[in-house]
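1. Give the three-dimensional model of this entry:
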Amino acid sequence: MKESGNFDLKSKLPLLKDIHLKDVSLKIKSKKESAQPAAEPEGETLQSRTSVWEVIRILGLAVYRLRALFMAIPVIYLALRMAAYNSEHLPLLVGLDLQSTGEFARTISRQTAVTMPLFLTGGCLVLMCFSRKTFYPWLISLFTLLIPVLLLVTNLYPA
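-> Okay, here's the model as predicted:
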């Protein structure tokens, strides 16, 4: 047989393989290019996630720096409420240091009995604001809130 007259498929096979591989690589590239716009929203999502965490971090830092103020607000409120209550309900002369005989060793005015615990609580809160460790002065200021209550109880029910 003459090879010149017949179509030789074997000699053309490597060319067909190259064309087929080029088509496949073009299809893969086109799929990758079409997938790239879908990757951009993921980048935006990642940016939005990082911005949300950044906002949470900033808020956490602000709360940490203002923790003394947040801890002081309820103490100030309770101290003022107790002072107002004691100024109405304590007798004009408040006794201190109840003796076994039923008498007080010392008496002070109502105004002094109201303002001194208030100043003591305020002093503890000022120390809390200037201290690195805010929890200990805050606990002490909570205990100073017991002073007006004890004054009221000892003077209304002395024995």
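2. Just give me the neighbour total for T121.
-> 26 (other C-beta atoms under 10 Å). Where C-beta positions appear, they are placed from N, C-alpha and C, glycine not excepted.
3. what mean pLDDT would you report for the host helix or strand of it?
-> Assigned by DSSP states H and E, T121 falls within helix 110-130. Across helix 110-130, the average pLDDT comes to 86.
4. Low-confidence stretches in this structure?
-> By pLDDT under 70, the weakly predicted segments of the chain are 1-46, 48, 157-159.
5. May I see the buried residues of the helix holding T121?
-> Using 16 or more other C-beta atoms under 10 Å as the test for burial, helix 110-130 gives 110, 113-114, 117-118, 120-122, 124-125, 128.
6. do the same with stretch 58-77
-> 68, 71-72, 75.
7. how long is it end to end?
-> 28 Å (C-alpha to C-alpha, to the nearest Å).
8. ok, now stretch 58-72?
-> 22 Å.
9. Going forward, the N-terminal residue is numbered 43.
-> In the new numbering, first residue 43, that becomes stretch 100-114.
10. I'd like to check what contacts that stretch. Which residues are they?
-> Residues outside stretch 100-114 that contact it (C-beta atoms under 8 Å, 6 or more residues apart in numbering): 167, 170-171, 176-177, 180, 183.
11. from the residues you listed, which is closest to A147?
-> Nearest to A147 among the contacts of stretch 100-114, counting by C-beta to C-beta, is S183 at 26.9 Å.
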